[in-house]
Structures are given as C-alpha cells and as structure tokens.
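Undergrad: Just a sequence and a predicted model for now, questions to come.
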Amino acid sequence: MKMTVVARLGLVMAAAALLAACGSRPDAPPEREVSLSGPVVEQRWNLLLVGTDERLSLPEPAWFRIAADGSVTGSDGCNQIMGQARLGESQRIEFSQLATTRRACPQGEDAARVTGMLETAYRYLIDHDRLVFFGPDQRVLGGWRKAN
C-alpha cells in the first residue's frame with residue numbers, strides 16, 4: 001500500500017507535534033509574594049523639602065505611598081507616579097519601574113526633581129513624622145512628612 005505525499009507529510013507533522021509536547025518544560029515556579037512592612041509602608045508621605053531646605057511650589061501636593069505588596073503610588077506635584085519599591089536592611093530603599101503620566105505643567109522641571117529624588121533614594125531615616133531620603137553618596141535628597 002503506497003502512501004501519498006500528503007499523507008506522509010501529515011504523519012511527519014503529527015510526529016513532530018507529539019515530540020514537541022513531550023519535550024515541553026514544566027511550569028515555572030510561582031513568583032514569591034512580596035510583603036513589605038515597617039514604618040515607611042502603608043503610609044502616605046507628603047513632600048516637605050528638596051535637598052535640605054528647598055520648598056517647591058507645585059500645582060498639587062507631591063506625595064507617595066508604598067503598599068505592602070511593594071507597589072508605589074503617588075504624585076510628583078503634577079503627574080501621577082506608579083512603580084515598585086524594595087526595602088532592605090539598614091534602612092535601604094530602592095524605587096524601580098517608576099512611571100509617570102505626561103501632563104503639561106508649568107512647574108514640570110520641579111515635578112521631575114521629585115521623581116528623580118525617588119529614583120535616586122538609597123537609604124532613609126525616620127524621625128518622628130519625618131522621612132528623609134539619602135543618596136548613595138549619603139547626601140540628603142529631600143524630606144517628607146507623614147500625612148495625617
């Protein structure tokens with residue numbers, strides 16, 4: 001009994017599909033669920049100062065909040081901020097994947113400085129209701145006040 005070219009091609013394709021299914025990888029392990037805790041988490045922080053003494057006049061208050069799952073929400077005083085945060089030992093903090101909306105604001109450069117402060121933050125210090133960010137060079141980046 002002779003097989004046609006079409007029948008042979010069909011058998012070859014079926015065999016290839018069967019081999020591919022046998023060689024598939026197992027499912028990737030589920031990602032570890034992040035759960036942050038501490039005095040910085042689940043608290044709204046309003047911008048107080050940039051650097052050690054500069055107050056910004058922005059269209060709306062600049063603020064941020066870190067949720068227990070590590071997500072960051074807030075405002076740079078003009079645009080909404082979204083991203084992720086990680087906390088480590090010795091008051092280590094790292095913001096990543098920060099994104100903002102793109103509203104045109106007259107104080108756009110000042111708003112960008114707020115986002116830049118978050119992106120550069122390396123360590124933090126809490127003193128009563130104040131949160132201070134330091135850069136990798138230990139320079140003060142700015143301060144925030146706990147919202148009531």
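TA: Everything's here; your move.

Undergrad: downstream neighbour of the least confident helix or strand in the chain by mean pLDDT in the secondary structure list?
TA: When the helices and strands of the chain are scored by mean pLDDT, DSSP states H and E, helix 5-22 comes last with a mean of 54. Counting by DSSP states H and E, the next helix or strand C-terminal to helix 5-22 is strand 44-50.

Undergrad: residues in contact with that following strand?
TA: Taking contacts as Cβ atoms under 8 Å, 6 or more residues apart in numbering, the residues outside strand 44-50 that touch it are 55-56, 58, 61-65, 77, 110, 113-114, 117, 130-131, 141-147. For glycine as for every other residue, the C-beta is placed from the backbone atoms N, C-alpha and C.

Undergrad: let's go with 10 Å and repeat that
TA: If you take Cβ atoms under 10 Å, 6 or more residues apart in numbering as the criterion, strand 44-50 is touched by 55-56, 58, 61-66, 73-77, 110, 113-114, 116-117, 124, 126, 129-133, 140-148.

Undergrad: swap in stretch 51-63?
TA: By Cβ under 10 Å, 6+ apart, stretch 51-63 touches 44-50, 73-79, 81, 103, 105-111, 113-115, 117-118, 132, 139-145, 147.

Undergrad: mind running it again at 8 Å?
TA: Contacts of stretch 51-63 (Cβ under 8 Å, 6+ apart): 44-50, 74-78, 105-107, 110-111, 113-114, 140-142, 144, 147.
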